[in-house]
Structure formats: structure tokens, C-alpha cells
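Engineer: have a look; sequence and predicted model below, questions after that.
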Amino acid sequence: MKQLLEVLGFIALVQGVAGLVHEFTDWNWGLVHRLDVLDGYEVYASVALLVLAFALFAAAESRKAD
């Protein structure tokens, strides 16, 4: 379970950073800018993904190793 939380946290971290990089540099990578439902809210979604990533890392740390 700890490894799953860490993997999900890493994916959320990468996608959050990718969304912010896309917004400020117009590089075409990441998933946040491709979702039409988030049109206009890409920065907020990217920041939310970063917060989620840190929460997942904290949850993984609180779990004992399996």
C-alpha cells in the first residue's frame, strides 16, 4: 500500500509540475491542459495536483512498510 501511495504521489507531482510548466512556458506536455473540463482552471488544477502529491507522500510515510 505504501508503494502504491508513493507511485500515485509521484504521478500527481509530475502532472502538477507539467501543468505549471505548460502554463508559464507553453511547452506541450502533461495532461492537465488536455482536459477540456479544466479549461481556464489549469493553474488551479496543477496546484491542486501538487498539494495532492504531498498529501499522498505524507500518507505513505505514515504507513508502515509492507
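Structural biologist: Cool, got the structure.
Engineer: give the buried residues for the longest helix along the chain.
Structural biologist: If you go by DSSP state H, the chain has its longest helix at helix 2-25. Buried residues in helix 2-25, counted by 16 or more other CB atoms under 10 Å: 5-6, 8-9, 12-13, 15-16, 18-20, 22-23. For every residue, glycine as well, the C-beta is placed using N, CA and C.
Engineer: which other helices and strands contact it?
Structural biologist: helix 42-62 (3 or more CB pairs under 8 Å, 6 or more residues apart in numbering; DSSP states H and E).
Engineer: and the contacts of the helix it packs on?
Structural biologist: 2-3, 5-6, 8-10, 12-13, 15-20, 22-23, 32-33, 35, 38 (CB atoms under 8 Å, 6 or more residues apart in numbering).
Engineer: ok, 10 Å please
Structural biologist: For helix 42-62, the surrounding residues in contact (CB atoms under 10 Å, 6 or more residues apart in numbering) are 1-24, 30-35, 37-38, 41.
Engineer: now do that helix, average pLDDT.
Structural biologist: For helix 42-62, the mean pLDDT works out to 95.
Engineer: now that helix against helix 2-25, angle please.
Structural biologist: 160 degrees (axes from the mean of the first three to the mean of the last three CA atoms, to 10 degrees).
Engineer: run the chain-centre distance for helix 42-62.
Structural biologist: Mean C-alpha position of helix 42-62 versus that of the full chain (CA atoms, centre = their mean, to the nearest Å) differs by 6 Å.
Engineer: restricting to C-alpha, output that helix in PDB.
Structural biologist: Output in PDB follows, covering the C-alpha atoms of helix 42-62 (Å, rounded to 0.1, in the frame of the first residue of the first chain):
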ATOM      1  CA  GLU A  42      -5.300  24.700 -15.400                       C
ATOM      2  CA  VAL A  43      -3.200  26.600 -12.900                       C
ATOM      3  CA  TYR A  44      -5.600  25.700 -10.100                       C
ATOM      4  CA  ALA A  45      -5.700  22.100 -11.100                       C
ATOM      5  CA  SER A  46      -1.900  21.900 -11.300                       C
ATOM      6  CA  VAL A  47      -1.600  23.400  -7.800                       C
ATOM      7  CA  ALA A  48      -4.200  21.000  -6.500                       C
ATOM      8  CA  LEU A  49      -2.200  18.100  -8.000                       C
ATOM      9  CA  LEU A  50       0.900  19.300  -6.200                       C
ATOM     10  CA  VAL A  51      -1.000  19.500  -2.900                       C
ATOM     11  CA  LEU A  52      -2.400  16.000  -3.500                       C
ATOM     12  CA  ALA A  53       1.100  14.700  -4.300                       C
ATOM     13  CA  PHE A  54       2.400  16.000  -0.900                       C
ATOM     14  CA  ALA A  55      -0.600  14.600   0.900                       C
ATOM     15  CA  LEU A  56       0.000  11.200  -0.700                       C
ATOM     16  CA  PHE A  57       3.600  11.300   0.200                       C
ATOM     17  CA  ALA A  58       2.700  12.100   3.800                       C
ATOM     18  CA  ALA A  59       0.100   9.300   3.900                       C
ATOM     19  CA  ALA A  60       2.700   6.900   2.500                       C
ATOM     20  CA  GLU A  61       5.200   7.900   5.200                       C
ATOM     21  CA  SER A  62       2.600   7.300   8.000                       C
END
